[in-house]
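Trainee: here are the coordinates; sequence isn't available:
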């Protein structure tokens, strides 16, 4: 079974036409990979479908815009994967 | 339809947010300035207006699903196909199903049919954001009443928010 990172990296590579090998756990989706907001919605849709979740993008964006958290918290890939794992676990609980 | 005002949907024929389904009726006008240019001597509905008709059809479903708490703006049309020409006076039946209700976005699959034949189809994506002002929200509610959105879908009928 593919890890969360493998699945997410595959989605980003396919959705955003980014070389898979350039995507690492420490990559920042926006700052390093250059994913814009429209493409990120495509990524979010694919992640929601793949994991059967609803990523709370509005809440995350609001927290970043209000300066409550760094964008790294949600948009560095390893952190994004950790948040996805939490949502999957919460759904299964 | 009033093409010049982007009023594409004449009537809501069915709207069921729980079933994630909307059906609309859209009568292409016999005359419109649009047809003077598209095309001289051969008037047909522009394909972009077919997409807009599908987008508005799906948009009413998203609005009703959210009980008008936020506004869907079209941001993407995928796999759009215009399968046949649409002429003045033709009646189009719109249908859309909500594929995904995401956080701040929504995805629908929409199509137009006429006389039982598929005319156009597309997967449409919307960014869903708070209404930018009260004027737009009031206008959308007025339009909803005019085209027959049932009062049960309006915010004042809601006991459980969006």
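Mentor: In hand now; what should we look at? Keep in mind the model is a prediction, meaning the values are calculated, not measured. Residues are numbered from 1 along each chain as shown, chains lettered A, B, ... in the order given.
Trainee: the most centrally placed residue in chain A sits in which helix or strand?
Mentor: In chain A, the centroid-proximal residue (Cα atoms, centre = their mean) is residue A:80; its distance is 4.4 Å. Element membership of residue A:80 [criterion: DSSP states H and E] is helix A:77-92.
Trainee: contact partners of that helix?
Mentor: With Cβ atoms under 8 Å, 6 or more residues apart in numbering or on different chains as the test, helix A:77-92 has contacts from A:3-5, A:8-9, A:12, A:23-29, A:47, A:51-55, A:72-74. From N, CA and C alone the C-beta is placed, and that goes for glycine too.
Trainee: distance between the longest helix belonging to chain B and the chain's centre?
Mentor: Longest helix of chain B, by residue count under DSSP state H: helix B:47-65. Remark: helix B:47-65 is offset 2 Å from the chain centroid, using Cα atoms, centre = their mean, to the nearest Å.
Trainee: and what of stretch B:103-112?
Mentor: The chain centroid and the centroid of stretch B:103-112 are separated by 10 Å under Cα atoms, centre = their mean.
Trainee: per-residue pLDDT of the closest residue to residue B:43 other than its chain neighbours, please?
Mentor: Nearest residue to residue B:43, sequence neighbours excluded (Cβ to Cβ, 6 or more residues apart in numbering or on different chains): residue B:35, at 3.5 Å. At residue B:35, the model reports a pLDDT of 97.
Trainee: give the helix, strand or coil label for residue B:35.
Mentor: helix (DSSP: H, G, I helix; E, B strand; the rest coil).
Trainee: just checking, it touches residue B:41?
Mentor: No - Residue B:35 lies out of contact with residue B:41 (Cβ atoms under 8 Å); the separation is 9.9 Å.
Trainee: tell me which of these two has more neighbours.
Mentor: The neighbour comparison of residue B:35 against residue B:41 (other Cβ atoms under 10 Å in any protein chain shown) goes to residue B:35, with 21 against 5.
Trainee: run through the residues that contact that one.
Mentor: Taking Cβ under 8 Å, 6+ apart as the criterion, residue B:35 is in contact with B:43-44, B:88.
Trainee: from the residues you listed, which is closest to chain A?
Mentor: For those, the closest approach to chain A (Cβ to the nearest Cβ) belongs to residue B:44, at 30.4 Å.
Trainee: check what pLDDT the closest residue to the closest one other than its chain neighbours gets.
Mentor: Excluding its sequence neighbours, the residue lying closest to residue B:44 (Cβ to Cβ, 6+ apart) is residue B:85, at 4.6 Å. On pLDDT, residue B:85 comes in at 97.
Trainee: any stretches of the chain with poor pLDDT?
Mentor: If you meant another chain, say so; for now it's chain A. A:1 (pLDDT under 70).
Trainee: I was after chain B.
Mentor: Along chain B, the model assigns pLDDT under 70 to residues B:157-162.
Trainee: how many residues are close by residue 86?
Mentor: Let's take chain A. As a burial measure, residue A:86 scores 11 neighbours (other Cβ under 10 Å).
Trainee: that's the wrong chain, I wanted chain B
Mentor: 24.
Trainee: doesn't it belong to a strand?
Mentor: No - under three-state DSSP, residue B:86 falls outside any strand and is assigned coil.
Trainee: now name the helix or strand holding the closest residue in space to it that isn't next to it in sequence.
Mentor: In space, residue B:86 comes closest to residue B:45 once its chain neighbours are excluded; the distance is 4.0 Å by Cβ to Cβ, 6+ apart. Per DSSP H and E: residue B:45 is located in neither a helix nor a strand.
Trainee: quick one: contacts for residue B:45?
Mentor: Residues in contact with residue B:45 (Cβ under 8 Å, 6+ apart) are B:3, B:28, B:34, B:38, B:85-87, B:90.
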